[in-house]
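**Student:** Need a 3D model of the following:
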Amino acid sequence: MNDLAYDIVSFDLDGTLVDTADEIAEAANRALEAHGIGRRPPQEITLLIGAGTRELMMRLLAHVMLEDTTLAHVVSIDGVLASFERHYAATAGTTARPYPGTLEALRRLQDAGLRLACVTNKEGRHARRVLEATGLAPWFELLVAGDTLPEKKPHPSVLQHVAKALGSACDRLAHVGDSAIDVASARNAGAAAWAVPYGYNAGRPVSEAGPQRLFDDLAAMAEHVLSTRRSGALA
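**Tutor:** Below is the predicted model:
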């Protein structure tokens with residue numbers, strides 16, 4: 001579709017709008033320590049970001065138990081998950097920072113009449129805390145978190161819900177993310193799949209997922225949208 005036809009841009013949160021890796025890793029390590037498990041390198045935990053915090057901890061525990069099989073008999077998975085929830089409630093938004101150019105990109109898109117949504121697999125209470133702490137919350141008309149709907153990204157119902165809630169259709173929506181999950185989400189819903197190359201994506205280049213457009217950053221994405229609209233208006 002011609003980029004002039006889009007009237008909604010939805011954004012992933014972690015690794016796209018905001019760098020949250022440090023605070024997530026700290027909460028995860030505090031949860032491990034609370035159950036007598038040694039801290040893990042932050043880089044290892046960062047590679048697990050993307051599917052939601054519960055899934056992150058499940059994957060992290062799986063890694064830990066592969067190295068020490070005795071832990072499976074003495075560690076309560078539910079207990080570690082509860083510890084993580086408690087610790088992340090304390091750390092969410094404390095060290096998170098918007099990536100350079102993010103605020104200006106959102107302002108330019110909103111000023112141009114684009115409808116903006118944040119779509120994340122992070123649980124809603126944590127997502128709201130991060131958005132509020134980083135000053136991003138006012139820019140979004142809609143937040144769809146990992147516990148908002150029965151399904152989460154990459155299920156097509158997620159972006160379909162965004163389009164319907166904002167009075168449009170998926171073929172008029174562009175979704176921007178940093179991971180293969182985001183690219184699949186857009187494709188599954190019939191939306192445009194845009195990506196930025198920084199972020200997490202399990203340590204793999206997001207270009208391997210085949211986004212329709214890959215921007216250096218959100219400022220470049222906003223400039224593309226606005227310059228395309230200007231060119232169309234003059235045509």
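
**Student:** helix or strand for Ala174, which one?
**Tutor:** strand 173-177 (DSSP states H and E).

**Student:** Tell me the helices and strands packed up against that strand.
**Tutor:** strand 8-11, helix 156-165, helix 180-189, strand 192-195 (3 or more CB pairs under 8 Å, 6 or more residues apart in numbering; DSSP states H and E). C-betas here are computed from N, CA, C, even on glycine.

**Student:** Arg125: how many residues sit nearby?
**Tutor:** Arg125 is flanked by 13 other residues according to other CB atoms under 10 Å.

**Student:** Also Arg187?
**Tutor:** If you count neighbours by other CB under 10 Å, Arg187 ends up with 19.

**Student:** One more: Lys164?
**Tutor:** So Lys164, with other CB under 10 Å, has 12 neighbours.

**Student:** ok, now Glu67?
**Tutor:** Glu67 has 9 nearby residues by other CB under 10 Å.

**Student:** and the gap between it and Gln43?
**Tutor:** As judged by CB to CB, to the nearest Å, Glu67 and Gln43 stand 16 Å apart.

**Student:** Averaged pLDDT, the lengthiest helix in the chain. What do you get?
**Tutor:** Ranked by residue count and defined by DSSP state H, the top helix of the chain is helix 218-234. Average pLDDT, helix 218-234: 84.

**Student:** swap in stretch 173-192?
**Tutor:** Per-residue pLDDT values over stretch 173-192 give a mean of 98.

**Student:** Serialize the helices and strands packed on strand 173-177 to JSON lines and add fields for distance to Arg204.
**Tutor:** Listed next are the helices and strands packed on strand 173-177 as JSON lines, based on distance: least, CB to CB, whole Å:
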{"stretch": "strand 8-11", "distance to Arg204": "20"}
{"stretch": "helix 156-165", "distance to Arg204": "22"}
{"stretch": "helix 180-189", "distance to Arg204": "7"}
{"stretch": "strand 192-195", "distance to Arg204": "12"}
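
**Student:** between these, which gets nearest to Val119?
**Tutor:** Proximity to Val119 (CB to CB) singles out strand 8-11 among the helices and strands packed on strand 173-177, at 4.7 Å.

**Student:** What mean pLDDT does that closest one get?
**Tutor:** Taken as a whole, strand 8-11 has a mean pLDDT of 98.

**Student:** returning to that earlier point: so which of the helices and strands packed on strand 173-177 is the most packed in?
**Tutor:** Ranked by mean neighbour count, the helices and strands packed on strand 173-177 are led by strand 8-11 with a mean of 27 (mean count of other CB atoms under 10 Å).
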